[in-house]
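Chemist: Next input, structure requested:
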Amino acid sequence: MNPIDRLTELFERFPGIGPRQARRFVHYLLSERPALRAELADAIRTLGAHTAQCVKCYRWFVKGADVAGLCTICAARPRDRSVLFVVEKDADIDNVERSGFKGLYFVLGGTIPLASEEPEKYIRLRELLSRIEADAAGTGNGGPSSVSVALKEVILGLSATTEGDHTRLLLQEKILPLAALLNFKITSLGRGLSTGSELEYADPDTIASALSSRQ
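Modeler: Next up, the predicted model:
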């Protein structure tokens, strides 16, 4: 495969990028000065070296300010550690933060396809249940130099799509026994998110409204 087709194929793997847009990216790079292509290649090469995945929430963050493998959100003392917001992907956290939410997060890593019989292949279900159990017992969410606080609420902040709804129902089924045993509640985002919308693209006011009307 020639380098133009190879790079086009790689761009097509990006979310929301089709063949035509991928090809436009390649031709844009070809039309730019070689220094830009070199800068882009260097940025991609160094991305992995300067980032890490949080050991608690699985969010990607820039290394340097991490404490024992924790991202800046999980390590921050002012956060409300009694609330855990479950999201599909990292980009959702960036958007929710702009809405003013001050709890903690867990990144599922995706949603579950409707026909799937093995949800563990698509989301971090086992890791989520382990995190919830530890947090609800007050042993997992203390953070550095802070008093541990028992989990009181799990918010399922999934997109208002078919797969998002399917994933939310499965999570509710799996988490409910823990909620009954360890005395915390499970809520979902309320009105504000229109059907078919993804959390990543909702504006902060819409997310704030959906949070305030969660049930």
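
Chemist: count of residues packed around Asn2?
Modeler: Asn2: 7 surrounding residues under other Cβ atoms under 10 Å. Where you see a C-beta, it was placed from the backbone N, CA and C, and this is true even at glycine.

Chemist: ditto for Ala160
Modeler: Neighbour tally, Ala160, other Cβ under 10 Å: 19.

Chemist: Now do it, the pLDDT please.
Modeler: In this prediction, Ala160 carries a pLDDT score of 80.

Chemist: Could you check how far it is from Cys71?
Modeler: Separation of Ala160 from Cys71 (Cβ to Cβ, to the nearest Å): 26 Å.

Chemist: Gly110 contacts Val87, correct?
Modeler: No - counting by Cβ atoms under 8 Å, Gly110 does not reach Val87; the two are 10.6 Å apart.

Chemist: Quick check: buried residues in stretch 82-94?
Modeler: Judged by neighbour count (16 or more other Cβ atoms under 10 Å), stretch 82-94 contains these buried residues: 82-90, 92-93.

Chemist: I'd like those as a markdown table, with secondary structure, pLDDT and distance to Ser130 appended.
Modeler: Listed next are the buried residues of stretch 82-94 as a markdown table, based on DSSP: H, G, I helix; E, B strand; the rest coil; pLDDT from 0 to 100; distance: Cβ to Cβ, whole Å:
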| residue | secondary structure | pLDDT | distance to Ser130 |
| --- | --- | --- | --- |
| Ser82 | coil | 92 | 18 |
| Val83 | strand | 94 | 18 |
| Leu84 | strand | 96 | 12 |
| Phe85 | strand | 96 | 17 |
| Val86 | strand | 96 | 13 |
| Val87 | strand | 95 | 17 |
| Glu88 | coil | 94 | 19 |
| Lys89 | coil | 92 | 20 |
| Asp90 | helix | 92 | 20 |
| Asp92 | helix | 91 | 21 |
| Ile93 | helix | 93 | 20 |
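
Chemist: Now Ile207: which helix or strand?
Modeler: helix 204-212 (DSSP states H and E).

Chemist: circling back to that earlier point, so which of the buried residues of stretch 82-94 is the closest to Ala52?
Modeler: Asp90 (12.5 Å; Cβ to Cβ).

Chemist: Please report how far Arg23 lies from Arg33.
Modeler: Taking Cβ to Cβ, one finds Arg23 at 20 Å from Arg33.

Chemist: out of those two, which sits in the busier spot?
Modeler: Arg23 (16 against 8).

Chemist: from memory that one sits against Thr8, does it?
Modeler: Yes - assessed by Cβ under 8 Å, Arg23 is found in contact with Thr8 at 5.1 Å.

Chemist: Can you give me the neighbour number for Arg77?
Modeler: 11.

Chemist: By residue count, what's the longest helix in this structure?
Modeler: Secondary structure of the chain per DSSP state H: the longest helix is helix 162-182.

Chemist: what packs against that helix?
Modeler: Contacts defined by 3 or more Cβ pairs under 8 Å, 6 or more residues apart in numbering; DSSP states H and E place helix 162-182 against helix 125-136, strand 153-156, strand 185-188.
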